[in-house]
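Engineer: predicted model follows, preceded by the sequence.
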Amino acid sequence: MMTSTRIRLLAALGLLAALSACGGSSTSPSSVTVIVRDGGSGPSGATVTITSAGVNPSTVTITQGQAVTFVNNDNRPREIASDPHPQHGSCPSVENGLGTIGAGQTRVTHAFANAGTCQYHDHLDDTNASMKGTIVVQ
């Protein structure tokens, strides 16, 4: 029979193991609020333009239920993905709506269903700081 102290110790060790398994490199700060719900289709509340110089503006603010339009004016394809790299997944509206945006193409995210902050990067150029941005959902 296990004592309550031993059970608590095993539970604590299990928690530490689970937390350490979530580690890895990340491009997002700990203050990011995960956007947990994809809102499907919705009107665009902001536009981000991609050029060889980066994304502009790097931060946009929208309201719940809105989407973000990405215009690729660069001469190469871009793949916008939510942080953290390479796992992604913190913003289903980005993952489900954009994919690879070819040169000269425009794509729209899905609507953001809840408030929070979504950081993104170009998965094809993930170390380029100018290809990173933030979507704030109010």
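Structural biologist: Noted; the coordinates are in hand.
Engineer: any idea where the helices of the protein begin and end?
Structural biologist: 4-21, 92-97 (DSSP state H).
Engineer: by mean pLDDT, show me the worst of these.
Structural biologist: With a mean of 40, helix 4-21 has the lowest mean pLDDT of the helices of the chain.
Engineer: list the buried residues of stretch 118-130.
Structural biologist: Judged by neighbour count (16 or more other C-beta atoms under 10 Å), stretch 118-130 contains these buried residues: 118-123, 126. (C-beta placed from N, C-alpha, C; glycine too.)
Engineer: which residues of this structure score low on pLDDT?
Structural biologist: 1-41, 84-89 (pLDDT under 70).
Engineer: just the strands in it please.
Structural biologist: Secondary structure of the chain by DSSP state E: the strands cover 44-51, 54-56, 59-62, 67-72, 78-82, 100-101, 106-108, 116-122, 132-137.
Engineer: which strands border the second one, and is each parallel or antiparallel?
Structural biologist: Okay, so that is strand 54-56. strand 44-51 (antiparallel) (DSSP bridges).
Engineer: now the partner strand: buried residues?
Structural biologist: Residues of strand 44-51 classed as buried by neighbour count (16+ other C-beta under 10 Å): 45-46, 48-50.
Engineer: for stretch 54-68, same thing?
Structural biologist: Neighbour-count burial for stretch 54-68 [16+ other C-beta under 10 Å]: 54-55, 60, 62, 64, 66-68.
Engineer: farthest-apart pair in the buried residues of stretch 118-130, please.
Structural biologist: Cys118 and Asp126 (16.0 Å; C-beta to C-beta).
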